[in-house]
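>>> Have a look; sequence and predicted model below, questions after that.
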Amino acid sequence: MLRKYGWLIIFVLLMFLLDVLIVQLLEFVTLESARCRNMDSVNPLKLVECPPFE
C-alpha cells in the first residue's frame, strides 16, 4: 500500500510545504513597516501601526 500511495503522500507534503513558503513570502513582501493587530477594534484583522515598546 505504501508503494501504491507513496507518491500521493509525497505530493501532498510537497504541496503543503509550497503553500507555507508562498504564504511566508507574501507576508514578507507586504510587510512595509511593523504592523500590529488592533484587538480593541471591531475588526481585529485590520493591521495598524505598532506603538513603540518601552
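Looks like it came in fine.
>>> Compute the number of surrounding residues for Trp7.
9 (other CB atoms under 10 Å). Where you see a C-beta, it was placed from the backbone N, CA and C, and this is true even at glycine.
>>> Quick one: residues contacting it.
Contact analysis of Trp7 by CB atoms under 8 Å, 6 or more residues apart in numbering lists nothing.
>>> Do you know the pLDDT at it?
pLDDT for Trp7: 90.
>>> Please apply the same query to Leu18.
On pLDDT, Leu18 comes in at 97.
>>> check which helix or strand covers the residue most central in space within the chain.
A centroid search over the chain (CA atoms, centre = their mean) returns Val23, at 4.3 Å, as the residue closest to the centre. Val23 belongs to helix 2-30 when elements are defined using DSSP states H and E.
>>> Asp40 too?
Here Asp40 is assigned to no helix or strand, by DSSP H and E.
>>> Look up how far Cys50 lies from it.
Separation of Asp40 from Cys50 (CB to CB, to the nearest Å): 14 Å.
>>> And for Arg37?
Distance of Arg37 to Cys50, computed by CB to CB: 10 Å.
>>> With Asn38 instead?
From Asn38 to Cys50 the distance is 10 Å (CB to CB).
>>> and those two? which has more neighbours close in?
A side-by-side neighbour count of Asn38 and Cys50, using other CB under 10 Å, places Asn38 first with 15 against 12.
>>> Quick check: chain neighbours aside, which residue is closest to the more buried one?
Closest residue in space to Asn38, ignoring its immediate chain neighbours: Val48 at 4.6 Å, by CB to CB, 6 or more residues apart in numbering.
>>> Count the neighbours of the one you found for me.
By other CB under 10 Å, 11 other residues sit near Val48.
>>> what's it in contact with, if anything?
Applying CB under 8 Å, 6+ apart, the residues contacting Val48 are Arg35, Cys36, Arg37, Asn38, Ser41.
>>> Now the helix or strand harbouring it: average pLDDT?
For Val48, the host element (DSSP H and E) is strand 47-49. Here strand 47-49 scores 73 as its mean pLDDT.
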